[in-house]
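K.L.:
Need coordinates for the following:
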Amino acid sequence: MLACYDLASARKTLTAQALAGRPRGLWRWSELLPVRDPAFRLTLGEGDTALVKTGQLGQALGMNALYVKDESSNPTGSFKARGLALAVSRALELGVREFVIPTAGNAGGALAAYAARARARAHVYMPADAPLPNQVEVRLFGAELHLVDGLISEAARQAGEAARAHGWFDVSTFKEPYRCEGKKTMGLELAEAFEWSLPDVIIYPTGGGTGLVGMWKAFSELEQMGLIGAQRPRLVSVQAAGCAPVVRAFEQNSDRAQFWEGAQTIASGLRVPGVFADRLILRALRQSQGIALSVTDEEIVQAQRELASQEGIFAAPEGAATLAALYHLLDRGWLDRQERVVLFNTGSGLKYL
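P.N.:
Have a look, this model is predicted:
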């Protein structure tokens, strides 16, 4: 399920001029967000993250328009804050006061933070080998942490059982429609930052895929409102070689991604063996004339060092994977060095120490 809006009404007030005069943050896009009553709009300062034009790295690659959308400045250090801010706010508006989530790490911390802000209760199911900072923040925010022997797929199974047994609201990826609405604001911000055009290529790390689907939705809504034209970026879905169900499905020209057995990667956010929104992700990739590809953990580590030493960006492994993928795309001749390319760093490398 995806949220729909009265775009004809929204375009009357959501104009480029109006946006420029509003306070910074995710909620300035309120006409395209699901929370009607401002009293329920939780915020910890999420959104409006930096779009950094690369210097040394871009020059070395012969690219004059290589950018990094750096999501590490969001609350709890990752882009997950966008989705959970929206999901919790809308759920509160609908009367929900107790939540459960399965997570690879960062989404659990984000839910715990916004639940604390709302004085609501949160239950987080997380693999026992998730990064320690993720575990610590969940507990500090006052949420109940359940460590699971297994991957996020096992965490999802246990969280689902608990939701049914106790009546908790399950905010799993794509099992409610509003996390996607928070993630789509990344696409809205890109359009504004590029003066109501879009980049040629977006390279995005894909675990659950909410960001890709959300941005693709955002571009459609913006066009219907007359804020952008029909031009679209080519979407690139990046996964880890040790867990690449979307890549395999894309290469096999399938509409569904099969469960990836034995998933392993240092990028915990990419260790998602069963992708619930596989059809939506694959459809967006193909409609955009995009591509899916995987990179090794060794390539991720090297790319992480390069982003840090050359651009001052300590990227999460998932974010560094996009740079590793860029090298492959250049070698293949898949993109032109003069194209406008955006890499998404979805979180802070500090969360993985």
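
K.L.:
Okay, helices next: where are they in the stretch 101-250 of the chain?
P.N.:
Remark: helices assigned in the stretch 101-250 of the chain by DSSP state H, counting those that start in this stretch are 106-118, 132-140, 152-166, 178-193, 210-224, 245-251.

K.L.:
Looking at these, which is nearest to Asp70?
P.N.:
Comparing the helices of the stretch 101-250 of the chain by their distance to Asp70 (CB to CB), the top pick is helix 178-193, with 11.1 Å. Yep, even glycine has a C-beta here, placed from its N, CA and C like the rest.

K.L.:
and that closest one, C-alpha only, in CSV?
P.N.:
This file holds the C-alpha atoms of helix 178-193, laid out as CSV (Å, rounded to 0.1, in the frame of the first residue of the first chain):
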residue,chain,number,x,y,z
TYR,A,178,4.3,5.7,5.8
ARG,A,179,8.0,4.9,6.2
CYS,A,180,8.1,5.1,2.4
GLU,A,181,6.6,8.7,2.7
GLY,A,182,9.5,9.7,4.9
LYS,A,183,12.1,8.2,2.6
LYS,A,184,10.6,9.9,-0.5
THR,A,185,11.6,13.3,1.0
MET,A,186,15.2,12.5,-0.1
GLY,A,187,13.9,12.7,-3.7
LEU,A,188,11.9,15.9,-3.0
GLU,A,189,15.1,17.5,-1.6
LEU,A,190,17.2,16.4,-4.6
ALA,A,191,14.7,18.1,-7.0
GLU,A,192,14.8,21.3,-5.0
ALA,A,193,18.6,21.3,-4.7
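
K.L.:
Contacts only, for Leu111.
P.N.:
Residues near Leu111 by CB atoms under 8 Å, 6 or more residues apart in numbering: Leu84, Val88, Phe99, Ile101, Thr103, Ala122, Val124, Ala143, Val171.

K.L.:
List the neighbours of stretch 47-60 that are in contact with it.
P.N.:
Stretch 47-60 is contacted from outside by 24-27, 63-74, 82, 185, 189-190, 193, 306-307, 310-311, 313, 323, 342, using CB under 8 Å, 6+ apart.
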